[in-house]
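[1] here are the coordinates; sequence isn't available:
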């Protein structure tokens, strides 16, 4: 994908590697969200199915139910005339045994220009981590005017996504009851 595809930055796919491109604000937030294969599967499904963004209070309009390269997605935050719309396109995806997620790049009309990835990853000890990695810079007058407040807001939003994902994983693990989910062939109290 190139600038001709509507992307408003040139370093397509750069969230897959390090170092991130120079000339941008860099963001890296990592949050522990669970433990074990079921937690990874739940976290990955919530990320790639847009549930983690919706759990943060964002509206999501996507051209596919699940993140795939080329998917158009618009994330919007705020209320009424103060709703900020952020058009993006999914650049890459990861659907592996230890890593599930995607990155999207900003399109013309986005308040920023750059790329952001959202990954659930299983560590060797079985712990599951949610990582948000991004590089961005202002693309609109109001994000330039906001200056140093934008990176602070981005970090807060990434942490909010992490907290929401931790909650989604915990609810799936407990079946939403607050206690362990029964997964045996018979229910423990009704036989």
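    Yes, it's here. Treat the numbers as computed from the prediction; the structure is a model and nothing was measured. Numbering: from 1, shown residues only.

[2] Where in this structure is the helix or strand with the lowest mean pLDDT?
    Ranking every helix and strand in the chain by mean pLDDT, DSSP states H and E puts helix 141-146 at the bottom, with a mean of 86.

[3] and the nearest residue to residue 7 once chain neighbours are set aside, bridged to which residues?
    The shortest distance from residue 7 to any non-neighbouring residue, by C-beta to C-beta, 6 or more residues apart in numbering, is to residue 105 (5.0 Å). In this view, the C-beta of every residue, glycine as well, is placed from N, C-alpha and C. Going by DSSP bridges, residue 105 is paired in beta bridges with residue 89, residue 115.

[4] which stretches of this protein form helices?
    Using DSSP state H, the helices of the chain run over 37-48, 51-55, 141-146, 149-174.

[5] can you put those in CSV and add mean neighbour count and distance to residue 96?
    Formatted as CSV, these follow (neighbours: other C-beta atoms under 10 Å; distance: least, C-beta to C-beta, whole Å):
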stretch, mean neighbour count, distance to residue 96
helix 37-48, 22, 9
helix 51-55, 20, 18
helix 141-146, 12, 34
helix 149-174, 17, 18
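
[6] Among those, which comes closest to residue 101?
    Closest to residue 101 of these, according to C-beta to C-beta: helix 37-48, at 5.1 Å.

[7] and the closest one, what does it pack onto?
    Secondary-structure packing of helix 37-48 (3 or more C-beta pairs under 8 Å, 6 or more residues apart in numbering; DSSP states H and E): strand 25-35, helix 51-55, strand 84-95, strand 99-106, strand 112-122, strand 127-138, helix 149-174.

[8] residues in contact with the second one?
    Here helix 51-55 makes contact (C-beta atoms under 8 Å, 6 or more residues apart in numbering) with 45-46, 60, 75, 118, 130, 161, 164-165, 167-168.

[9] make it 10 Å
    By C-beta atoms under 10 Å, 6 or more residues apart in numbering, the surrounding residues in contact with helix 51-55 are 33, 42-43, 45-47, 58-60, 62, 73, 75, 77, 101, 118, 120, 130, 132, 157, 160-165, 167-169, 171.

[10] what is the mean pLDDT for that helix?
    Helix 51-55 shows a mean pLDDT of 95.

[11] okay, and for the protein, where does confidence drop off?
    Counting by pLDDT under 70, the chain has low-confidence residues at 1-4, 174-191.

[12] Could I get the contacting residues of the residue nearest to residue 7?
    Counting by C-beta under 10 Å, 6+ apart, residue 105 makes contact with 1, 5-9, 11-15, 88-92, 113-116.

[13] What of residue 127?
    Applying C-beta under 10 Å, 6+ apart, we find residue 127 in contact with 32-36, 39-40, 121.
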